[in-house]
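J.: Build me a model from this:
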Amino acid sequence: MTEEVQIDGAMAWVRVKPYIEDALEYCQGTHTIEDIEKGISDGKYTLWVGHKSAAITEIHVFPRARFFHLFLGGGDLEEIKGMVPIWQAFAAHNGCSRVTLCGRRGWERAFRDLGWKADMVCLSAPATPETLQ
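T.: Here you go, the predicted structure:
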């Protein structure tokens, strides 16, 4: 794969890749930067590029709902927050009923002024085979 991913005709990936790499540090090893590049190229993920930030989103399809989900964001937080109205419109246009994000606790505080609230909790623990015995 090349070092750059073409988004809307502009070669922005090289410039914003470090923001996404930084965000990956908090994802519990779920993705590599190569996974993100492939997901963007395949159309599974959408890359949103700002002047000083970037975000990765995807649409989760459930039996009775579609959610627009932000799962990686890095760079200037205020700029990322400025993308929210665009995401909400994009989500509605694509049949999504909710816009969600999963991330560090600081996201809850940062998005509170936009009317976001914690209505779901994401918990995790290591999987261990010993629990089956």
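J.: Can you find the helix or strand in the protein with the smallest mean pLDDT?
T.: strand 6-7 (a mean of 43; mean pLDDT, DSSP states H and E).
J.: Sketch out the low-pLDDT regions of this structure for me.
T.: For the chain, the stretches flagged by pLDDT under 70 are 1-10, 131-133.
J.: Okay, helices next: where are they in the chain?
T.: Counting by DSSP state H, the chain has helices at residues 13-24, 33-42, 77-82, 84-93, 105-111.
J.: Let me see the contact set for I33.
T.: By C-beta atoms under 8 Å, 6 or more residues apart in numbering, I33 lies in contact with K17, I20, E21, L24. All C-beta spots, glycine's among them, are computed from the backbone N, C-alpha and C.
J.: Quick one: buried ones out of the residues you listed?
T.: K17, I20, L24 (16 or more other C-beta atoms under 10 Å).
J.: Kindly reformat the residues you listed as CSV containing distance to A127.
T.: Output for these, formatted as CSV (distance: C-beta to C-beta, whole Å):
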residue, distance to A127
K17, 30
I20, 26
L24, 21
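J.: Let me know the closest of the residues you listed to A89.
T.: A89 lies nearest to I20 out of the buried ones among the contacts of I33, by C-beta to C-beta, at 22.9 Å.
J.: from memory D22 sits against G73, does it?
T.: No. Using C-beta atoms under 8 Å, D22 is not in contact with G73; the gap is 9.9 Å.
J.: These two: which is more packed in?
T.: Neighbours per residue, other C-beta atoms under 10 Å: of D22 and G73, the larger number sits with G73, 25 against 14.
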